[in-house]
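**Q** sequence plus the predicted model coming up.
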Amino acid sequence: MIFFRLNLLLFLLSASGCLFAAENIKQLRAEAEKGNPQSMFLMGNEYFYGSGETKRNFTLAAYWYQRSASAGFVDAMFNYAVCLDRGFGVKQNQYEAYQWYKKASDAGSKHAKYNMAQLLMSGIPENKEKNIKGIASSPGLALHYLQELAKEHFEPAEILLAEMLLEQRNKPEMLKQAAGILQRLAKKEKPDPKVLRMLADCKYAGLGMKEDPDEMIRLLRQAIALGDGESAGKLAYCYEYGRGIAPDEKKAFELYKLGAQRRNAMSQFKYAEFLILGRPEGNEPDIQEALKWYRTAAGAKNPQALFRMGVFHLDGLGPVEKDPKKAAEYFYESAKLGYAQAQYNLACLFSEGRGVMKDDAAALFWYLQAAKQGDSAAARTIGIFYLEGRGVSRSITKAEFWLKKAASAGDMEARRLLRTRFR
């Protein structure tokens with residue numbers, strides 16, 4: 001499943017015309033106060049971005065955008081929608097944001113239609129306490145909007161459409177369509193690094209085209225030259241594990257470092273892993289520097305880094321003080337993101353009452369989440385819970401089911417229990 005993140009700030013329009021000299025700001029304000037739609041919009045930009053003459057103020061920006069939008073100025077409709085969507089200067093209200101996006105879209109704004117499509121992917125939750133209406137998820141309508149925009153060669157929509165099509169791994173025609181979009185966009189004089197990165201993935205896995213490891217490497221290098229941090233992490237992975245290129249830990253290390261410096265969370269995590277293990281061979285382990293990057297990656301919600309920080313706090317490793325409560329918080333954040341090891345550890349903490357209140361039902365829930373991802377220890381523990389009736393009604397049948405599941409995954413303790421308890 002793809003999780004779509006709104007790139008709203010990227011499309012805040014007509015910002016370049018918002019910086020004015022002091023004498024011109026007085027004239028602009030006078031025109032805005034008379035109700036001139038474009039002047040009101042430019043006053044909104046002046047406050048949103050700030051300048052040497054105007055202090056940044058989101059509340060006043062939203063005020064002027066709203067007035068200009070109400071007067072029918074399309075760019076202001078979009079910018080006011082952004083303010084509502086993100087809570088810039090007004091109370092966040094995605095339902096109202098959607099309405100303004102729709103008005104702007106109906107008036108011809110491609111940016112507004114693009115953001116509408118993204119909101120429709122996941123829908124807008126209703127909030128009765130705040131009296132905010134909701135909108136049901138509609139991936140079909142979102143896809144329709146994206147396809148319309150793609151036909152007009154609106155690049156952000158083309159990229160997102162290609163991303164969606166690449167998820168359809170069992171539909172060759174969709175993969176071929178995605179590859180075609182990416183190949184065309186990659187030929188631009190200055191292509192989006194994300195296009196190059198996605199096309200590299202296609203070349204690596206043969207998605208919609210023939211596999212071509214050499215071309216994959218070239219595309220990643222091109223994206224890195226354009227400043228892309230994630231591509232640095234991907235190429236580092238290739239060097240670390242010898243994917244499409246000869247293994248080289250030193251090059252992997254340098255590329256992970258580059259990706260980390262360019263704010264790619266996975267690169268930050270991997271760079272920390274290299275530092276703490278003293279890789280490449282011959283380097284001294286650097287716990288302090290590793291911790292810095294683990295924390296940075298955890299702050300960016302990287303599940304592996306969150307898990308690793310939980311481990312540090314659980315046992316008080318290195319310079320980190322032992323704090324089971326803090327460990328549980330880190331494990332919980334990682335577990336919510338679907339990381340199986342964190343789900344298992346969090347379940348153990350609930351089972352033991354360590355860092356959290358003892359709660360067998362909560363423990364069982366998290367063991368189940370980990371077991372669904374193939375964690376054999378979690379499956380074995382669920383079997384024991386059913387054997388003993390911990391947090392669940394005792395059931396020999398279900399106990400045997402889970403123990404067999406763990407045993408089939410190679411868990412030796414589960415095999416022993418099956419031999420001794422289910423002869």
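**A** It's in. Since the structure is predicted, the reported quantities are computational estimates derived from the model, not experimental observations.
**Q** number of nearby residues for T296?
**A** By other Cβ atoms under 10 Å, 18 other residues sit near T296. To be clear about C-beta, it is placed using only N, CA and C from the backbone, and glycine gets the same treatment.
**Q** show the average pLDDT along the helix or strand hosting it.
**A** If you go by DSSP states H and E, T296 is part of helix 287-299. The pLDDT scores in helix 287-299 average 97.
**Q** which of the residues in it are buried?
**A** The neighbour-count check on helix 287-299 (16 or more other Cβ atoms under 10 Å) flags I287, A290, L291, K292, W293, Y294, R295, T296, A297, A298 as buried.
**Q** how about stretch 223-234?
**A** A223, I224, D228, G229, E230, S231, A232, G233, K234.
**Q** give me the contact list for that stretch.
**A** Applying Cβ atoms under 8 Å, 6 or more residues apart in numbering, the contact partners of stretch 223-234 are 190-191, 193-194, 196-197, 200, 220, 235, 255-256, 258-264, 266-267, 270.
**Q** low-confidence stretches in the stretch 151-300 of the chain?
**A** Applying pLDDT under 70 to the stretch 151-300 of the chain flags no residue at all.
**Q** ignore what I typed, I meant the stretch 301-423 of the chain.
**A** 423.
**Q** which other helices and strands does the helix holding T296 contact?
**A** helix 265-277, helix 303-315 (3 or more Cβ pairs under 8 Å, 6 or more residues apart in numbering; DSSP states H and E).
**Q** circling back to that earlier point, which one of the buried residues of helix 287-299 sits closest to V311?
**A** Closest approach between the buried residues of helix 287-299 and V311, by Cβ to Cβ: Y294, at 9.8 Å.
**Q** so that closest one makes contact with A305?
**A** Yes: between Y294 and A305 there is a contact under Cβ atoms under 8 Å: 5.1 Å.
**Q** overlap in contacts of these two?
**A** Shared contacts of Y294 and A305, defined by Cβ under 8 Å, 6+ apart, are found at Q268, F269, A272.
**Q** can you give me phi and psi for the residue lying closest to P280 once chain neighbours are set aside?
**A** Spatial nearest neighbour of P280, excluding adjacent residues (Cβ to Cβ, 6 or more residues apart in numbering): E249 at 3.8 Å. Per-residue torsions, E249: phi -60, psi -40 (degrees, to the nearest 10).
**Q** got the contact list for E249?
**A** For E249, the contact set (Cβ under 8 Å, 6+ apart) comprises Y239, E240, R279, P280, E281.
**Q** looking at the residues you listed, state which has the most neighbours.
**A** With neighbours set by other Cβ under 10 Å, the maximum within the contacts of E249 is found at Y239, which has 22 neighbours.
**Q** quick one: it from L258, how far?
**A** According to Cβ to Cβ, to the nearest Å, Y239 and L258 sit 12 Å apart.
**Q** check P247 too.
**A** From P247 to L258 the distance is 18 Å (Cβ to Cβ).
**Q** comparing the two, which residue is more hemmed in?
**A** L258 (19 against 12).
**Q** how about the nearest residue to that one, chain neighbours excluded?
**A** A232 (4.5 Å).
**Q** G180 too?
**A** Nearest one to G180, counting by Cβ to Cβ, 6+ apart, is G208 at 7.3 Å.
**Q** what's near enough to touch that neighbour?
**A** Per Cβ under 8 Å, 6+ apart, neighbours of G208: L166, P172, L175, K176, Q177, A178, A179, G180, C202.
**Q** shouldn't the last one be in contact with Q177?
**A** No: counting by Cβ under 8 Å, no contact exists between C202 and Q177, whose distance comes to 11.6 Å.
**Q** ok, these two, which is more surrounded?
**A** C202 (25 against 18).
**Q** which strand or helix spans the more buried one?
**A** Using DSSP H and E, C202 sits within helix 193-205.
**Q** which other helices and strands contact that helix?
**A** Here helix 193-205 touches helix 155-166, helix 172-186, helix 213-225, helix 229-241, going by 3+ Cβ pairs under 8 Å, 6+ apart.
**Q** before we move on, the earlier item: which among the contacts of stretch 223-234 end up buried?
**A** Buried among those by 16+ other Cβ under 10 Å: 191, 193-194, 196-197, 200, 220, 235, 255-256, 258-260, 262, 264, 266-267, 270.
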